[in-house]
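K.L.:
I would like the atomic coordinates for the input below:
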Amino acid sequence: MKRLYHTRWLWILIAIVGCGFLITQAYTNQKQEKLKAIPEWEIMWGSPPEGLAGVMSDSPSQQWITVKSGEAIPKKPREVTTAWIRIKLPSQIPENYGAYIQGIYAQHLSVYVGQGLVQENKFNFYYDQQSSLFHLSSEDHGKTIFMKLETSMGRMGIISAIALEHYDILLRSFILGALQNIILGCAFLFIAAIMLIGSIFLKRAIFTDWVLVSVLFISLGIIFITYSPFLYASFPKYGSLYSASFDISLSVFLPALTFYFERIFGEGKYKVISWVRKFQTMYSVFVILSLLVNVLNDYRFNHVYFFISATILGTIMILQFSLLIGSSILLMFRGNKEAVIFSAGFASLAFMSTLDLIFYYVNSQNKQIFLWKWGILGFIIALIVIMGRRFAINQEQIINYSKELEFYNHQLQQSEKMEIISQLAASIAHEVRNPLQVTRGFLQLVASRSDEKSQAYMKIAIEELDRASVIITDFLTFSKPQGEEINELNLFNEFRQIEGIIFPLVALHNGRITVDVPDHLSIQGNSSKLKQVLINLIKNSIEAFQDDGLVNILAYEKYGEVCIHIKDNGEGIEAEQLAQLGVPYYSTKKKGTGLGLTVSFQIIENMKGHIEFTSQRNVGTEVIIRFPANSNK
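P.N.:
Residues are numbered from 1 along each chain as shown. Next up, the predicted model:
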């Protein structure tokens, strides 16, 4: 109930965050649609020696390129680090108007209206996205806005509309557009903090997934917050910290995302997912080290670092998202319900991010990316749904396991009781029958030499001995193994059923179980009895778990025998105790009856198999069972 309660709160938080994001985005878009925009502007690469005065002179040697609003900005020449932009204001401007440019690529931005400097922003760190908002008076009509852009990075220019509107309206658009990412990022960090606090009360098997999702939330929160130009413009003193935090968070998010996918759906065919995760982890470490080198050298390697952290990493992200999308679709077609949920959420993230990256590179890295925000929202919702579903499934598995365990315990108790009676019957028959036969023989001998009255007594005694012999014969008949249905057993199918039964017990003991059984191995035997033996042995391994318990199950065919290895990393068994295993009423467990292994040994022997144990204290125990390979294959 506590787990479902926590999940309910996460759902509420996600709903609040999502609604807030959608309302804010819709409001911002509505406002932006109503803003008046300047239809075109001009850009000139380089700067005349006279600076602003030279630009205003408009000499014939100056080469101005006209760019219409909404078009891609011209590609910056490689050797150019400075550019001028001029924007012609309309012939009439009402009072208290302003100009707002949401997206500008430049590290050093100077804005002039006529000859007057109205705004200047300078970033001494590796970041080049800026916004510009400034007042215009009615006296500025017909004037020209000059913008000087300087950068050491690979792009310069305006990538958004140039809006003219009442200053208060522009200010609201500026604040909403800037704070949208910050609010959403803080919400993600808040959810991650709640999840980390709640993870203290979770079992180890769920704890890892819970913490991994928290890491994803933390990295996403930092990415959203540090993506906003508002922070860089308002607090430029800490700009290098924001930029580094964004790159580090992205480097953490990518391998963590692949690792979460691997945790849910496995390593993939040929362990592709695992190899991608390892490669991403190494490349993320390389990106972080490159960032450190660039920062320590006062950003002298910006071009190299930009190529490493943007161009190459962006290509890797496209390949990664394509791989995970393809894997999700394959799993979805195989009927994996969690894959359907994950695919829906992740496909929204991967598809939107891939579109963003494709448009980004098609436009020569001059496009502002924003579609990924919508994909993130869908992906987060999918993660919450999967986690809630896993809680429900775990609870259902525990209930089903309890029922199945009760059933198998009952069956085991019945089997043990029958085995005990059988052993007692055989023991009594063996120990009593021979003395009775000897006694009967002597009574016959004495009767032949006695009088009639003594012979009558002897006859009665012999008849009673014969009746006792009949009873013992009945005991012997009962003690003989009953006829069992012998079939061809496919070990892969048998272990698949056993794995479903035993998995909840593994989860309850905070452990893991791995099964490597080829699908072609088969033996002759009774399915019910084989399951009884294997469940008993695996259950013993699980109950011996210490920290980070693990049971490895391996099966293979060798020299005409099918070998099954059940190995754990539990507390182990002393050498003198190994010799006693299988002896009736002997057990290494405090509450053990000492009959489980006795019955198991008998079943394996009836199936013409052999069992042996190896163990080392505090290292673990390994059980090796050998059966004759199926000769009817």
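
K.L.:
quick one, what contacts residue 186?
P.N.:
221, 225 (CB atoms under 8 Å, 6 or more residues apart in numbering). To be clear about C-beta, it is placed using only N, CA and C from the backbone, and glycine gets the same treatment.

K.L.:
next helix or strand past the helix or strand harbouring it?
P.N.:
Following DSSP states H and E, one finds residue 186 within helix 167-198. Sequence-wise, the next helix or strand downstream of helix 167-198 (DSSP H and E) is helix 204-227.

K.L.:
That following helix - what's its average pLDDT?
P.N.:
Averaging pLDDT along helix 204-227 gives 83.

K.L.:
change the start of the numbering to 642 and stick with it
P.N.:
New numbering, starting at 642: the last item is helix 845-868.

K.L.:
Please put the alpha-carbon coordinates of the helix or strand that that helix is followed by into CSV.
P.N.:
Later in the chain than helix 845-868, the nearest helix or strand by DSSP H and E is helix 870-875. Presented in CSV, the C-alpha positions along helix 870-875 are these (Å, rounded to 0.1, in the frame of the first residue of the first chain):
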residue,chain,number,x,y,z
PRO,A,870,19.1,31.8,-21.6
PHE,A,871,17.5,33.8,-18.7
LEU,A,872,20.0,32.5,-16.2
TYR,A,873,23.0,33.4,-18.3
ALA,A,874,21.7,36.9,-19.0
SER,A,875,20.6,37.5,-15.4
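
K.L.:
quick one: buried residues of the helix or strand following helix 870-875?
P.N.:
Using DSSP H and E, the helix or strand that follows helix 870-875 in sequence is helix 880-906. Judged by neighbour count using 16 or more other CB atoms under 10 Å, the buried positions of helix 880-906 are 880-881, 883-903, 905-906.

K.L.:
now for helix 880-906, which elements pack on it?
P.N.:
helix 845-868, helix 870-875, helix 913-937, helix 954-974, helix 978-1003 (3 or more CB pairs under 8 Å, 6 or more residues apart in numbering; DSSP states H and E).

K.L.:
And these: which comes nearest residue 707?
P.N.:
Closest of the helices and strands packed on helix 880-906 to residue 707 is helix 978-1003, at 21.6 Å (criterion: CB to CB).

K.L.:
what's the closest non-adjacent residue to the most centrally placed residue in the chain?
P.N.:
The centroid of the chain falls nearest to residue 901 when counting by CA atoms, centre = their mean (1.8 Å). In this structure, residue 901 finds its nearest non-sequential neighbour in residue 853, 5.2 Å apart by CB to CB, 6 or more residues apart in numbering.

K.L.:
Isn't the one you found up against residue 904?
P.N.:
Yes: the pair residue 853 / residue 904 is scored as a contact, 6.7 Å apart, by CB atoms under 8 Å.

K.L.:
what's the nearest residue to residue 848 if we skip its chain neighbours?
P.N.:
residue 840 (5.5 Å).

K.L.:
so what's the one you found up against?
P.N.:
The contact partners of residue 840, by CB under 8 Å, 6+ apart, come to 848, 851-852, 855.

K.L.:
and if you look at residue 1264?
P.N.:
With CB under 8 Å, 6+ apart, residue 1264 has these contacts: 1178, 1182, 1206-1208, 1252-1254.
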